[in-house]
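J.: pasting a predicted model and its sequence here:
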Amino acid sequence: MISYFLAIFAATIWAITGSISTRPVRFFGSYNYNFLRLIGIIILFAPYVFIKWSGIYLENSIILGIFLSSLIGIVIGDTFLFICLKRIGPRREALLFSIQIPCTILMAHIFLDDLPNPQELIGCGLIFLGILVAIQFNKTIKNDDLENIQGNKFVGLFAGVGLAVCQAIGIIIMKPVLTNTDPIIVSYLRVLIAAIAMFITILFMPKLNLWTKIKNIKQTSIAIFSGILGMGLGMTIFIIALKGGNPGIVSALSSTMPIMIIPVLWIATKNYTGHVSVIGAAITCIGAALIFLG
């Protein structure tokens, strides 16, 4: 039960980081921004990992799982996330992100033989439906830059679907890895592997122009803070939740980010979301209640 509360907490954190990430990701570009946000996490969690590392033994299968989860979930998945965020904004990105709910439930059933009970499945379905209603009928301000579409919208849509699939695959890979490991160590190693891979890529891609753009202290600070909050705190909480809970249910509850982001965007844009959007949020809450009562 605690795992499911943690999943909702992670969704809340991601809603906040999603709302503050749109402008800096459009400034840095998706790949640069994804790399920058990992730096703060590596520095912040280094003392904990240093203290704990001497008593840790990781089998080759666990290391492989962490590596694949990092590559698919962070390097590829999160790059898709910021491409989507840059192109079509946080609201539409949150809508596409929710596709991971059915993807994760299906993959967990196929690969882990782990399926929620009927009441929990209905709850997950209501969460998914509520998210679709809340986001689709969310009133927006056409001139607000958080909602403007920049570039080819189909690139954003493709990236959003790719994000959902990559997140689902990453979750399925991570679940067995977490059985006898420290979730904070696992989270740190995922970030470290991703940062190294992305740094090597950046060295051979000068057109990304990262070293010039990081001179903008304000945008760089936001990127690093977003990483500490979203990947450092949010993802670590999510991994702890995944360790103790059903992957499909944890995925569904953590995907309530679109519901959490509604009041955040309301505050940021001074724009009321509309009655139908509130009804969608209520449907999601009913779905979550069914899970907790199941």
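T.: That came through, no problem.
J.: contacting residues for the residue lying closest to Met231 once chain neighbours are set aside?
T.: Using CB to CB, 6 or more residues apart in numbering and skipping residues adjacent in sequence, the residue nearest Met231 is Ile41, 5.4 Å away. Yep, even glycine has a C-beta here, placed from its N, CA and C like the rest. Counting by CB atoms under 8 Å, 6 or more residues apart in numbering, Ile41 makes contact with 188, 191, 227-228, 231-232.
J.: among the residues you listed, which one has the lowest pLDDT?
T.: The member of the contacts of Ile41 with the lowest pLDDT is Met231, at 84.
J.: my read is that it contacts Ile39, right?
T.: No. Taking contacts as CB atoms under 8 Å, Met231 lies outside contact range of Ile39: 10.4 Å.
J.: these two - which one has more neighbours?
T.: Set Met231 next to Ile39 and count neighbours by other CB atoms under 10 Å: Met231 wins out with 25 against 18.
J.: got the phi and psi for that one?
T.: phi -90, psi -40 (degrees, to the nearest 10).
J.: which residue comes closest to Tyr33 once chain neighbours are left out?
T.: Nearest non-adjacent residue to Tyr33 (CB to CB, 6+ apart): Val25, at 4.4 Å.
J.: buried sites along the helix or strand that contains that neighbour?
T.: Using DSSP states H and E, Val25 falls within helix 2-28. Going by neighbour count (16 or more other CB atoms under 10 Å), the buried part of helix 2-28 is 3-4, 6-22, 24-28.
J.: now the helices for the chain?
T.: Assigned by DSSP state H, the helices in the chain fall at 2-28, 30-52, 60-69, 77-97, 100-111, 118-136, 153-177, 183-203, 210-213, 217-227, 235-244, 247-254, 257-269, 275-293.
J.: give the other helices and strands that the longest one contacts.
T.: Which is helix 2-28. helix 30-52, helix 77-97, helix 210-213, helix 217-227, helix 235-244, helix 247-254, helix 257-269, helix 275-293 (3 or more CB pairs under 8 Å, 6 or more residues apart in numbering; DSSP states H and E).
J.: repeat for the shortest one
T.: Contact partners of helix 210-213 among helices and strands, from 3+ CB pairs under 8 Å, 6+ apart: helix 2-28, helix 30-52.
J.: so the last one versus helix 2-28, what angle?
T.: If I follow you right, that is helix 30-52. Here helix 30-52 runs at an angle of 140 degrees relative to helix 2-28 (axes from the mean of the first three to the mean of the last three CA atoms, to 10 degrees).
J.: tell me what angle helix 30-52 forms with helix 77-97.
T.: Using the same axes, to 10 degrees: helix 30-52 against helix 77-97 is 110 degrees.
J.: what do you get for the longest one?
T.: Using the same axes, to 10 degrees, the direction of helix 2-28 lies 110 degrees away from that of helix 77-97.
J.: quick one: end-to-end distance for stretch 51-59.
T.: Taking CA to CA, to the nearest Å, the first and last residues of stretch 51-59 lie 20 Å apart.
J.: can you list the buried residues in that stretch?
T.: Leu58.
J.: residues contacting that stretch, please?
T.: 66, 181-182, 184-185.
J.: if you rank those residues by neighbours, which is first?
T.: Neighbour counts for the contacts of stretch 51-59, by other CB under 10 Å, peak at Ile66, which reaches 24 neighbours.
J.: nearest residue to it other than its sequence neighbours?
T.: Among residues not flanking Ile66 along the chain, Leu189 sits closest, at 5.1 Å (CB to CB, 6+ apart).
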